[in-house]
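S.K.: Make a model of this:
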Amino acid sequence: MKIAILGSGNVAYHLAKMFKEKNIPISQIFGRNEKDLQEISEQFEIPFSTTELADAELYFIAVNDDAVAAISKNIKNQNSLVAHTSGSLPKEILEGNYRKASFYPLQTFSKSKMLQYSEIPFFVEAENEADSQILENLALKISEKVMKSDYEKRKYIHLTAVFACNFVNHLFARAKEISDSQHIPFDYFLPLIKETTLKIEKIEPKLAQTGPAIRNDEKILQLHEALITEEEHLKIYQVMNESIKKMYEL
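M.R.: Sure, this is the predicted structure:
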């Protein structure tokens, strides 16, 4: 099966890498950013183009959500299967007469970060069972964690991922702002962060909660609020503590 990837960002890079590692040939990688395309092409020995999309049987669209519909118009082969990799878009966003699908890897991707692909869950959806099986079989070459998921379910998968990943990372960034303001190396907090994430592999997150809010320690909460000089930090601190209290009805 001839496979092409549309895109040159983080997801496209890792799709190319995981396929290369599993000896799944890619016919072409296509996009607008010639520099990024050339980097992927040279690293994984994949032909690339910024002007002419090659004919393929299976296309993966790995671009920003707001560009999926536009770039999908480049695909003219009506006999092809086209899958986007978005967690928040329906397969119907794809604009063409080809067979439509989604192929969603549940992970945060950065080109500079190596990943254990076998641990990444994949969620697939297609218009018919045969196409769904094609995508499942392909995903199973990479990971054992593969399941079918329609758009309604996938929306909640993506929403959960935003809470569990994007919001948590933003809190890391805000925490670093505080530590930097006091000239405390943020590296000193990494063991705490690692232990927090490791703990929820064994304990339900709700049962793993610690800190002054769950202890209802008003003196410490007030002390912290008095220390915070950045308005945005104070809003986050208060909202998070109120949410903790409500969860445990404190």
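
S.K.: Could you grab the helix/strand/coil label for residue 100?
M.R.: Assigned by DSSP: H, G, I helix; E, B strand; the rest coil, the conformation of residue 100 is strand.

S.K.: Next, please give the residue ranges for the strands of the protein.
M.R.: For the chain, the strands defined by DSSP state E occupy 3-6, 28-30, 48-49, 58-61, 81-84, 99-105, 122-126, 146-148.

S.K.: Point out the one among those that comes closest to residue 157.
M.R.: Checking the strands of the chain against residue 157 by C-beta to C-beta gives strand 122-126 as the closest, at 6.3 Å. For the C-beta atoms, the positions are set from N, CA and C on the backbone; glycine is no exception.

S.K.: ok, the closest residue in space to residue 19 that isn't next to it in sequence - how many residues close by?
M.R.: Setting aside the residues directly before and after it, residue 19 is nearest to residue 26 in space (C-beta to C-beta, 6 or more residues apart in numbering), at 5.6 Å. Using other C-beta atoms under 10 Å, residue 26 has 23 other residues around it.

S.K.: is it true that residue 26 touches residue 43?
M.R.: No: judged on C-beta atoms under 8 Å, residue 26 makes no contact with residue 43 at a distance of 11.9 Å.

S.K.: Any buried residues in stretch 154-161, and which?
M.R.: By neighbour count on 16 or more other C-beta atoms under 10 Å, the buried set for stretch 154-161 is 154, 157, 158, 161.

S.K.: Which one of those residues is nearest to residue 196?
M.R.: Closest to residue 196, out of all of the buried residues of stretch 154-161 and judged by C-beta to C-beta, is residue 161, at 17.7 Å.

S.K.: and the gap between the closest one and residue 231?
M.R.: 28 Å (C-beta to C-beta, to the nearest Å).

S.K.: ok, now how distant is residue 158 from residue 102?
M.R.: According to C-beta to C-beta, residue 158 and residue 102 sit 11 Å apart.

S.K.: ok so, going back, I'd like the strands of the chain as CSV, with distance to residue 112 appended.
M.R.: Below are the strands of the chain laid out as CSV (distance: least, C-beta to C-beta, whole Å):
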stretch, distance to residue 112
strand 3-6, 19
strand 28-30, 19
strand 48-49, 20
strand 58-61, 21
strand 81-84, 24
strand 99-105, 17
strand 122-126, 22
strand 146-148, 26
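
S.K.: so what's residue 40 up against?
M.R.: Contacts of residue 40 were listed using C-beta atoms under 8 Å, 6 or more residues apart in numbering, and they are 8, 12, 13, 16, 29, 46, 48.

S.K.: what's the farthest-apart pair in those residues?
M.R.: 13 and 48 (12.1 Å).

S.K.: how far out from the middle of the chain is stretch 47-60?
M.R.: Distance, stretch centre to chain centre, for stretch 47-60: 24 Å (C-alpha atoms, centre = their mean, to the nearest Å).

S.K.: ok, residues contacting that stretch?
M.R.: 1-7, 12, 15, 27-34, 37-38, 40-41, 74-77, 79-85, 103, 134.
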